[in-house]
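K.L.:
what follows is a predicted structure for the sequence shown.
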Amino acid sequence: MLALKDNLEAEGCTVDTAMNGEEAMGRIKKERPNLILLDLLMPKRDGFYVLEEVKKNPEWKLIPVIVLSNLGGDVEIKRALEMGANDYFVKSQHPIEEVIAKIKEYLEGKSAVKTSPAKG
Amino acid sequence: MFGAVIRSRKASEKAAIVSSIVKGFTEKRFFLFEYLAFHEERPKLQWQSRDRSITDFLDSFRGSGEEENRLVDFVKDGHKKADALFSEIVINYETKPDSRLLKETEQLLSQRLLEITQVNFDSALALADLSYEEIKRDQKETLNFLIIFLASVFVFVVWMAVLIHRVVFIKILKLHNGIEIIAGGNLDYVLPVAGRDEFSELGVAFNKMTDQLSRSYKSVQEEREKYWALLASIPDGVIAVDHENRILMLNQKGEELLGWKGSEIRGEYFTDYFKLFDEGGKPVPFEHHPCVKAHTTMTAFYLKRKDGRKVPIAIATSVAAAGETVHWMVSTFRDISQEKELEKLRMDFLSLASHQLRTPLSGTKWLIETMQRKIIGPITEKQKEYLNEIYQINERMIKLVFDMLNTLRLESGITTVKEEVVSISRLYDELSLMMASAAGTKGIILRNILKNHKEVKVMTDVQMLRSILESFVSNAINYSNPGRDVILDAKEETTAVVFFVKDSGIGIPQEEQKRIFERFYRASNAKIVKPEGTGLGLYIASMLAEKIGAEILFDSEEGKGSTFYLRVPKKVGNNNASHT
């Protein structure tokens, strides 16, 4: 998280962090971010909860959600994408640069936010 | 009896003689009357009687009684006298006597002759009466005898009938009853055998046969019980279905699993009681029901029990042929709830383990990358060198964890094979792009020969196919000398699509070639060129190939290079679809 924050701030982004799902929901309500980077395994409420809450809310459902997780199973990836995550990165399999590039794509509107599950 | 008949015959003969005698006398009297009436008109000679018949008959007569013999003697005597007298009259007296005296004497003599003949005639009649009486007596005797004889015959016949009844009929009846009892199923019944006649012999033979039958039946019964015990003791459910899809048999374990008793559902259509659902909860249609074709299922089915509860089962079916046309399908099935539970635990563990192992590694990876990007401040050349080294070590660790988890996942058999249509040139493009940087650092060019060729598609699990080819390409890059080409190609055969990745690298030593698919095995020259390899790449590739039903082959010569082939069989599927 530290590395991501530093990288994104270096790119000129404002980064807000939360330590768990509940906290994340509070931040989303308060800040209404342009993009959400979401881990799945978190204390209290997990990433799937946050994803569900975001995607079912008409106000938030257009916010791109990129899942960054160490969970690499087919089941989790499939589930997250079906629930409306826009991208899924298994952290160890991708250099941070690739992730930053993808985030920039979304923020610059190059990658359209899809409301229906897609992308394999 | 014969005495009576003979006697009766003798009496008849006697009667005939007597009758002749009587007849003789009658004729004699007529002759005498005729003489007396007409002797004057005829010549004397005409009247000379030569009648011997009466004497002969009287001589041939043999009386049996005293009265008879006396009468015969009397008649004989009278006859003689009469004959003598007649002769005297005929000889001594002219036919036409003139003298009155003579006439008177003749008259007298004639009178006397008439008297004698009358007496003779009467005596003959008396004799006749006697002989009739005798005949009557004999006839009566014969009749009595006949009555007695017939009565005796009747009694004898009745007695014989009774005897036959007792000896034959009762025995046949007993035999029949015995056979009925035995035919009714009581093979322990022993036919009562008495005496030493044919029936007894038949009875003994029959008892012997029944005994043999009883023993055979018992042994068949024992065998049957043994098989049932055997079937019942099979720890898996066993169900047999006939060629009309009716249930033939369900063993004890099968009853427990289904909740139905074998006796309740025997003869019923199996699909009404053996209801299966797939993992998604959809009912399995008849044509895909695992009980209708011989095979072992890879996937789990959910069996809906009598109580409505669904249990996961594994099922295997084989054909049991009985005769040429009839065949049964025999399926064994078992509850795999525990396996399913274990599988879930294993999945959870793998998921957790991979997460826990990756978390520090990915954190380290991105931290190093951030430092390398100099976002948090400048770094010296020496620091950069150190960071590169730490980064490589971390990457190796990430690769090792990735490979090991993959291995564990594949070995546990929990990965499921998905099927979709894969465009090969597109897959090669993706691979080339993914591997480009690794190839670039060694000055290696990846040549996708297929790129400008016609579209080749195959139906398989794209992730698994990609992983296998990735490992081929990654090896080709790792073990090629800088500046060489790596060729990616594929050709379509009738039944399969063959992928191949050719390099001009270090090759595999001949004597080590057969070991390269072993877990953690690394060829001696490979260890020198790339010491940090995990030795899991080809092992995983071979396992993945097995999963998708494909085959890995290779040609290799040390120092010249290797070509790895992946032969993926074609499947019947929708070739118009393309993967996303």
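P.N.:
Perfect, I can see it now. Since the structure is predicted, the reported quantities are computational estimates derived from the model, not experimental observations. Residues are numbered from 1 along each chain as shown, chains lettered A, B, ... in the order given.
K.L.:
going by C-alpha atoms from here, please, whenever you check contacts or count neighbours.
P.N.:
Noted.
K.L.:
most proximal residue of chain A with respect to chain B?
P.N.:
Per Cα to the nearest Cα, A:S92 is where chain A lies closest to chain B, at 4.3 Å.
K.L.:
and the spatially closest residue to B:E558 that is not a sequence neighbour, which of the three is it?
P.N.:
Nearest residue to B:E558, sequence neighbours excluded (Cα to Cα, 6 or more residues apart in numbering or on different chains): B:G507, at 4.1 Å. Under the three-state scheme (DSSP: H, G, I helix; E, B strand; the rest coil), the conformation of B:G507 reads as coil.
K.L.:
contacting residues for B:G507?
P.N.:
For B:G507, the contacting residues are B:479, B:556-562, taking Cα atoms under 8 Å, 6 or more residues apart in numbering or on different chains as the criterion.
K.L.:
most neighbours out of these, which is it?
P.N.:
The member of the contacts of B:G507 that has the most neighbours, counting by other Cα atoms under 10 Å in any protein chain shown, is B:S562 with 23 neighbours.
K.L.:
can you say which helix or strand has that one in it?
P.N.:
strand B:561-569 (DSSP states H and E).
K.L.:
for that strand, buried residues please.
P.N.:
Of the residues in strand B:561-569, B:561-569 count as buried by neighbour count, 16 or more other Cα atoms under 10 Å in any protein chain shown.
K.L.:
need those in TSV with pLDDT and distance to chain A, can you?
P.N.:
Below are the buried residues of strand B:561-569 laid out as TSV (pLDDT from 0 to 100; distance: Cα to the nearest Cα, whole Å):
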residue	pLDDT	distance to chain A
B:G561	91	29
B:S562	92	28
B:T563	93	27
B:F564	94	25
B:Y565	93	27
B:L566	92	24
B:R567	92	25
B:V568	90	23
B:P569	88	24
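K.L.:
B:V498: neighbouring residues, count only.
P.N.:
B:V498 sits with 19 neighbouring residues when counted by other Cα under 10 Å.
K.L.:
sec struct for it, please.
P.N.:
Classification of B:V498 using three-state DSSP returns strand.
K.L.:
how near is it to B:I516?
P.N.:
B:V498 sits 20 Å away from B:I516 when distances are taken as Cα to Cα, to the nearest Å.
K.L.:
likewise B:D138?
P.N.:
Per Cα to Cα, B:D138 is found 134 Å from B:I516.
K.L.:
more neighbours, the two?
P.N.:
B:D138 (22 against 17).
K.L.:
over to B:N245: give its phi and psi.
P.N.:
The phi/psi pair for B:N245 (degrees, to the nearest 10) reads phi 70, psi 30.
K.L.:
can you count the residues close to it?
P.N.:
B:N245: 17 surrounding residues under other Cα under 10 Å.
K.L.:
now it. Nearest residue, chain neighbours left out?
P.N.:
Closest residue in space to B:N245, ignoring its immediate chain neighbours: B:Y269 at 5.7 Å, by Cα to Cα, 6+ apart.
K.L.:
could I get the contacting residues of the one you found?
P.N.:
Residues near B:Y269 by Cα under 8 Å, 6+ apart: B:245-247.
K.L.:
and what of B:S318?
P.N.:
With contacts taken as Cα under 8 Å, 6+ apart, B:S318 has the following neighbours: B:293-295, B:329-331.
K.L.:
how about the CA coordinates for the strand or helix carrying it, as CSV?
P.N.:
Under the criterion DSSP H and E, the helix or strand holding B:S318 is strand B:310-322. Below are the C-alpha coordinates for strand B:310-322, written out as CSV (Å, rounded to 0.1, in the frame of the first residue of the first chain):
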residue,chain,number,x,y,z
LYS,B,310,-28.9,-34.5,-2.1
VAL,B,311,-25.6,-36.3,-1.6
PRO,B,312,-22.5,-35.9,-3.8
ILE,B,313,-21.6,-39.2,-5.4
ALA,B,314,-18.9,-40.6,-7.6
ILE,B,315,-20.1,-43.2,-10.1
ALA,B,316,-18.6,-45.7,-12.4
THR,B,317,-20.6,-47.9,-14.8
SER,B,318,-19.7,-51.0,-16.7
VAL,B,319,-21.6,-53.4,-19.0
ALA,B,320,-22.3,-56.9,-17.8
ALA,B,321,-23.2,-59.0,-20.8
ALA,B,322,-25.6,-61.9,-20.3
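K.L.:
partner strands of the next helix or strand along the chain from that strand, parallel or antiparallel?
P.N.:
The helix or strand immediately downstream of strand B:310-322 is strand B:326-335, counting by DSSP H and E. Looking at strand B:326-335 with DSSP bridges, its paired strands and their directions are strand B:237-241 (antiparallel), strand B:310-322 (antiparallel).
K.L.:
among these, which is the most enclosed?
P.N.:
For those, ranked by mean neighbour count under the definition mean count of other Cα atoms under 10 Å in any protein chain shown, the leader is strand B:237-241 at a mean of 24.
K.L.:
for that strand, the distance to its chain's centre please.
P.N.:
Relative to its parent chain, strand B:237-241 has a centroid offset of 20 Å by Cα atoms, centre = their mean, to the nearest Å.
K.L.:
stretch B:507-519 now?
P.N.:
Taking the mean of its C-alpha atoms, stretch B:507-519 sits 58 Å from the chain's own mean (Cα atoms, centre = their mean).
K.L.:
surely B:Y428 and B:R447 touch.
P.N.:
No: in this structure B:Y428 lies outside contact range of B:R447 using Cα atoms under 8 Å: 9.4 Å.
K.L.:
common neighbours of these two, please.
P.N.:
Among the neighbours of B:Y428, those also in contact with B:R447 (Cα under 8 Å, 6+ apart) are B:L488.
K.L.:
which of the two has more neighbours?
P.N.:
Neighbours per residue, other Cα under 10 Å: of B:Y428 and B:R447, the larger number sits with B:Y428, 25 against 17.
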